[in-house]
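>>> generate a structure from the sequence data that follows.
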Amino acid sequence: MYLMQKISLSAELHEIYGIGPRFVMKLKHLGVVTAKDLIWHFPTRYEDRSETSAIADLKPGDSKTIRGAISEIDSKRSWKRRMTIVEATITDETGSIRAVWFNQPYIKNILQEGVVASFYGKVLEDKKSKNGKSGLHLSNPTYEVLNGADLDDKLKEIETKHTGRLVPIYPETKGLTSKGIRMLSQKILDNLEPVKEFLPQEILKSRNFPEINVALRNIHFPGNLDDAELAKERFAFEELFLIQLNNLYQKFSLSKEKSPVMGNAEGIIANTSKNLPFKLTKSQEVALEEILKDLDKPEPMNRLLQGDVGSGKTIVAGLAALVAAHNGYQSAIMAPTEILARQHYRTLVYLFPEFTQGIGLLVSKEARVSYGENLETDIKKPAFLKEVSDGKIKILVGTHALIEKGVVFKNLGLVVVDEQHRFGVKQRAALSGHAGLVPHFLSMSATPIPRTIMMTMFGDLNLSIISELPKGRKAIITKIVDPENRDKAYAFIRGQVRRGRQVFVVCPRIAASENGGEPRSFGVRTFMDKNESLLLEVKNVEEEYEKLKKTIFPDLKVAMLHGKMKSGEKAVVMSDFASGKIDVLVSTSVIEVGVDVPNASIMMIEGSERFGLAQLYQFRGRVGRGEHQSFCFLFTESPSKNTRDRLNSLITAKNGFELAEKDLLIRGPGEFMGKEQTGLPDIAMRALQKPELVKSSRDAAELVARNGWEMKNYPNLYEKFGEFRKEIHLE
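Numbers count the residues shown, from 1 in each chain. Got it, this is the predicted structure:
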C-alpha cells in the first residue's frame, strides 16, 4: 500500500491507501487502472462555481456558492413519489435557506447539525403556501464539508474542490460522479512523485506552455479558465507531437528497407483493361498510376487509397495485385469481415476470368481457390496452405485468418488492407514480417477523412484519392422522414419491394433512452463496456425485426443480422439476401462495411440522428449500385432544429470529403473516427479540429528529427518516445 509516501505514476489504484474496492471497480469501467490513468483522465469541461453570496442576497434563478452551518436536518419517505427526501436548513450570519435532496438518504449522516459546509446549487422559489407566502430553497446542491472551519472564516481563504471555484467535470460511469473523481484526483496530485518533463524547453518556450507538473495541476484544478485551456492545449499538442514524430520515424525506417521492384506494368494493365466489363474512371487511372510508380521502386510503398463506397477501389487494388503476380510475387488482400473478404474474392474472380495463377479465399472455416476459366474449387485448409507456401496461389484474399500461425507465403510482394484503421499495427506487422524483401503496403478506406485527421493519423502514408463514382450511377434520392410521414414511407417501401427491389434497415447502436435523441457531445459522458453495447445493439435489432416482420411488413420476407450471430449464420443471411430470398434485411451498422447487393435500392435508417454524417454517408453508399433508382430514408423522432440541419447536410453535401469536414465540426474526431480506432485520448482527438495545432506539432517533430533519432539533446524525450512506440505496437 502507498501509505503516507509519494505515489508513482505506475502505482495501481488498488495499492493506494484510501481508494476502496468500489472506486477501483468503477474506475476500471473507464479504463482507469493506475495513478497515471486517473491523472490523465482529463475534465471535458469546467463549471464556474466561483461566485459566492451571502444567503440574504440570494434570488430565484441564482446559481452561486454559499457557506453556512446546518441548523436543522431531517429526512422523510415520500411514498407517493417512491423516494427519500432530505431537507436541511443552512444558516449564515445574514439568514437561512432550505436545501432539498432527493434519493440521497446518506446526506443526513454527513451534514449533521452544527457542521459547516460550502454549497452550490440553483435557487428555486417555493410553491406559494395557503397564506400566500413563499420562500426560497436550494435544489439538490453540491456540498462540501469544511473541516475545522467556522462561520467567521472567510470562504475564499478555504481551499475547496467542489464549490467556490472553477470546478472540473469529467467523463463519468454509472455509480461514479465527477465529485468522486475530483476527490481521488486531488488525493493523487497532492502525493504524486514529480513527473519528468519530456517536451524540449524551446518548444515549451515558443508555445508558452506550462511545465508538465504545473499543467497537470492546472488542468484538474485551475485558478482560472485561461490556465485550464493552456494546460489542455499543452497535453493535446504533446500527443499530436508524438504521433507526428512516429510518422516521421516510420518513413525514415521504411526508407532504409528494400522491396521488390515490379516493372513491365503497362502491357499487363492494357491487356486486362480491354477485357473489363467497364471503363476505369479518370481518378481510378490516376490512382493506379501512382500505385504502379511506387511498385516500380526498390523502397516499400506505403500508400492510402481513399474513395467513397462504390468508387472502385477493389479493382485498382486488384490490378496492382495482377502486376505483382506477373512479376512473380504474391499479394495478400486483408479485409475486416468475412462478408467483405468473400465479396473481394468474388469481384476479382469475376473481373479476371483469364488469370490462371490462383486467386484464393481464406476465412475462419473456408478455403477456396480459382485458377481461372471456371476452374474454382473448395479445398481443405492444409492443402490450401501448401499451395500458398509453394507460391501457387498468387492473390490471396482473407480476414485475420491471413496472419494466423501456419500461413506462410513464398514471396509476398504486396499487402492490401481494407479499412486500414480497423487493424492494429501488430496485425499489419504480421503480414509484413516475412524474411527478405519488405512487401509494398496499400491501405484502402471508404471513410472520407478530413485533412487534419489525415495529416495526423495517416501522416506516414502517401495518399491516392478516387474522387468520382463509375459512369451511369444514378444519384440516390435522400429524404428525412418525420414520425407523421412514417406510414407513407412504409407504403412506398412495400411498393418498391413488389417491383422486385430489396431493402436495408439499419438500427442505431444506442438505446433511445440513453441521451434523449441527440448525438453525444463532449460534455459529461457515461460509458458502457463492449458486451453491454453489443447486447444493446442486438436488442434494438431484434425489436425492429419483430415490429417490421409482424406489424409493418407481415407479407414480406424479413431477416436480421447482428454481432451476436455466428459467422456461418451471418454468411447464410447475406447469401440469401444477395440471391433475393430476403426482401428486408434488418441490421446493425455491420452493413457499413462490405455488403454489395446491386438489387438493394432502399436504405432505411432508424434513429438516424444517432449516427455520424460520415457513417450515414457510408450506409447510403450500400445502395445505388445497380441500374435501379435508389432511395435513402433517414427516420428520426427528434424535433431538434440542429438534428434537421445536420441531416440536411447529408442531402446538400457535394461529396464525402465536404461531409466529413462538417461531421468533424459538429461532433469532433472522437465521435467521427471512434476512440477505439485511434487509441487517442479525447483531448488529442478534439485537437484534430485545430489545423494550426496539427501543423505546429508537425513542425516541432521535424525539428527534432533533423537533429537525429538518437535525440542526444533530449534524453527525456528519447525515453518517452520509446515508451510511446512500445504502446503503439501493443495496441
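>>> C-alpha from now on. contacts and neighbour counts both.
Will do.
>>> excluding chain neighbours, what is closest to Glu419?
Ser445 (4.6 Å; CA to CA, 6 or more residues apart in numbering).
>>> how near is the one you found to Leu402?
19 Å (CA to CA, to the nearest Å).
>>> what do you get for Ser96?
From Ser96 to Leu402 the distance is 72 Å (CA to CA).
>>> same thing with Asn302?
Applying CA to CA, the value for Asn302 to Leu402 is 20 Å.
>>> ditto for Ser206
Separation of Ser206 from Leu402 (CA to CA) stands at 48 Å.
>>> which one of those two has more residues nearby?
For Ser206 and Leu402, the more surrounded residue by other CA atoms under 10 Å is Leu402, and the numbers stand at 24 against 8.
>>> could you show me where the strands are in the stretch 351-500 of the chain, in order?
359-363, 366-370, 376-378, 395-398, 412-418, 440-445, 462-466, 477-481 (DSSP state E, counting those that start in this stretch).
>>> so which elements touch the shortest one?
Applying 3 or more CA pairs under 8 Å, 6 or more residues apart in numbering; DSSP states H and E, we find strand 376-378 packed against strand 366-370.
>>> identify each buried residue in the strand it packs on, please.
Using 16 or more other CA atoms under 10 Å as the test for burial, strand 366-370 gives Ala367, Arg368, Val369, Ser370.
>>> tell me what that strand is packed against?
Against strand 366-370 (3+ CA pairs under 8 Å, 6+ apart) you get strand 359-363, strand 376-378, helix 381-389.
>>> show me what contacts the residue nearest to Glu419?
Leu304, Leu305, Gln306, Gly307, Asp418, Glu419, Gln420 (CA atoms under 8 Å, 6 or more residues apart in numbering).
>>> redo that, cut-off 7 Å
Leu305, Gln306, Gly307, Asp418, Glu419, Gln420 (CA atoms under 7 Å, 6 or more residues apart in numbering).
>>> what's the pLDDT at it?
pLDDT for Ser445: 82.
>>> that one bridge partners, please.
Beta bridges link Ser445 to Gln306, judged by DSSP bridges.
>>> can you give me the domain boundaries for this protein?
Following automatic domain parsing, the chain resolves into domains at 51-164, 199-256+691-731, 265-466, 477-678.
>>> okay, the ones you listed in TSV with distance to Leu30 next?
Shown next, in TSV, are these (distance: least, CA to CA, whole Å):
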stretch	distance to Leu30
domain 51-164	21
domain 199-256+691-731	17
domain 265-466	21
domain 477-678	7
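>>> so which of the ones you listed gets nearest Leu38?
With distances scored as CA to CA, the stretch of the domains of the chain nearest to Leu38 is domain 199-256+691-731 (10.8 Å).
>>> what about Lys386, how many neighbours?
Lys386, neighbours per other CA under 10 Å, totals 16.
>>> please apply the same query to the one 10 residues further on.
With neighbours defined by other CA under 10 Å, the count for Leu396 comes to 23.
>>> can you pull the contacts of it?
Leu396 makes contacts with Ser331, Ala332, Ile333, Ile359, Gly360, Leu361, as judged by CA under 7 Å, 6+ apart.
>>> where's the first one, which helix or strand?
Translated: Ser331. Assigning secondary structure by DSSP states H and E places Ser331 in strand 330-334.
>>> okay, now the sheet partners of that strand, with direction.
Note on strand 330-334: by DSSP bridges, its sheet partners are strand 395-398 (parallel), strand 412-418 (parallel).
>>> out of the ones you listed, which is closest to Glu202?
It's strand 412-418; of the strands paired with strand 330-334, that one is closest to Glu202 (CA to CA) at 39.5 Å.
>>> tell me the angle that closest one makes with helix 381-389.
The directions of strand 412-418 and helix 381-389 differ by 120 degrees, with axes from the mean of the first three to the mean of the last three CA atoms, to 10 degrees as the criterion.
>>> assign a three-state SS to Ala559, would you?
Secondary structure, DSSP: H, G, I helix; E, B strand; the rest coil: Ala559 is strand.
>>> run a quick neighbour tally on Leu385.
Neighbour count for Leu385, taken as other CA under 10 Å: 19.
>>> was I right to think Gln629 contacts Lys474?
Yes: when contacts are counted by CA atoms under 7 Å, Gln629 is listed as touching Lys474 (6.4 Å).
>>> grab the longest helix from this protein for me.
Ordering each helix of the chain by length in residues (DSSP state H) puts helix 225-255 first.
>>> any idea of the mean pLDDT in it?
For helix 225-255, the per-residue pLDDT values average out at 91.
>>> just stretch 181-195 next, same as before
For stretch 181-195, mean pLDDT is 92.
>>> show me how far it is from its chain's centre.
Computed by CA atoms, centre = their mean, to the nearest Å, the chain-centroid distance of stretch 181-195 equals 29 Å.
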